[in-house]
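Student: Quick one, what's the 3D model for this:
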Amino acid sequence: MPGIELDQLGPHILASVRNRELEERVKAITDHLQSAIYLKILDPSEKTSPCHLSGPPVEEPFVVQENGVHFEMSFQSGYSQGIFLDQRDNRQKLRSVLEEGQTLLNTFAYTGAFSVFGALAGATTTTIDLSQPYLDWSKRNFQLNDIDVETQYFCKGDTFHWLKRFAKQGRRFDAIVLDPPTFSRDKNGKVFRVEKDYPRLVELASGCLAPGGTILACTNCRQIDEQGFKRQIRSAFRRPVHLESAPMPSDFTAPPYLKSVWIR
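Tutor: This next block holds a predicted model:
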């Protein structure tokens, strides 16, 4: 089905297309399904919520499972529905990397999916996001998995600010997740662009990393290939580091836009 992506979100289907002319094609291939079908137009310049296409409408948040872990999803939440499925394997690996009693820092956390996997591994997590509604959503995801949010930490604000603050405080983390948006602007108008600012982000994160710790660095910037991304990462260190690339999940068959590198 060229040009059409189908995601199964619990009992529901999300169809994503870049061209609205494919809407009738989506209807044809999903007509026999009893599920709720929602259509998402992949247009970064016009980020809108998916529209209801067929089946029973889903007007409230609902819960899905990923590798046995529960997450709240919503078709009314805007351009993104709650978790990014292309990070599925990285979340599972993070859970295997962390051990009971260790610490995880999850930056640009969105709804905290990496944090939930870290907490389930027995780590104490710190979740950072600019948006209070997303931090609240993160807490609901913890609660869906019977994790006491009072045992975890949540920080509202800019990741760069918090990394500098943690470094001054001497706080160190056994694992750090860096998965920033390709472009963003903080409340003071300062712009972050992956193409020029990622090395600085890695440098600040390395200042908060415990000895023997791990950083997961990710980007979905299509202007940077994997080798270019690795060069950015290496430029942030004054010592040799071990970099291990992680492929996208096997069911993502399009060109691999997501670059993921484990830094040790």
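Student: buried residues in stretch 244-263?
Tutor: Burial within stretch 244-263, assessed by neighbour count using 16 or more other C-beta atoms under 10 Å, is assigned to 246, 248, 252, 258-263. Yep, even glycine has a C-beta here, placed from its N, CA and C like the rest.
Student: where's that stretch relative to the chain centroid, distance-wise?
Tutor: The offset between the C-alpha centroid of stretch 244-263 and the centroid of the whole chain comes to 13 Å, using C-alpha atoms, centre = their mean, to the nearest Å.
Student: what's next to it, contact-wise?
Tutor: For stretch 244-263, contacts defined as C-beta atoms under 8 Å, 6 or more residues apart in numbering pick out 5, 85-90, 93, 202, 214-222, 224-226, 229-230, 233, 241-243, 264.
Student: Not counting its neighbours along the chain, what's nearest Thr214?
Tutor: In space, Thr214 comes closest to Ala175 once its chain neighbours are excluded; the distance is 4.8 Å by C-beta to C-beta, 6 or more residues apart in numbering.
Student: what bridges to that neighbour?
Tutor: Beta-bridge pairing for Ala175 (DSSP bridges): Leu104, Thr214.
Student: Do I have it right that it meets Glu99?
Tutor: No. Here Ala175 does not reach Glu99: they are 9.9 Å apart, not a contact under C-beta atoms under 8 Å.
Student: residues shared between the contacts of the two?
Tutor: Shared contacts of Ala175 and Glu99, counting by C-beta under 8 Å, 6+ apart, come down to Ala123.
Student: buried subset of the contacts of stretch 244-263?
Tutor: 5, 85-90, 93, 202, 214-221, 224, 229-230, 233, 241, 243.
Student: Which of those residues fall in helices?
Tutor: Counting by DSSP state H, the members of the buried ones among the contacts of stretch 244-263 that fall within helices are 88-90, 93, 202, 229-230, 233.
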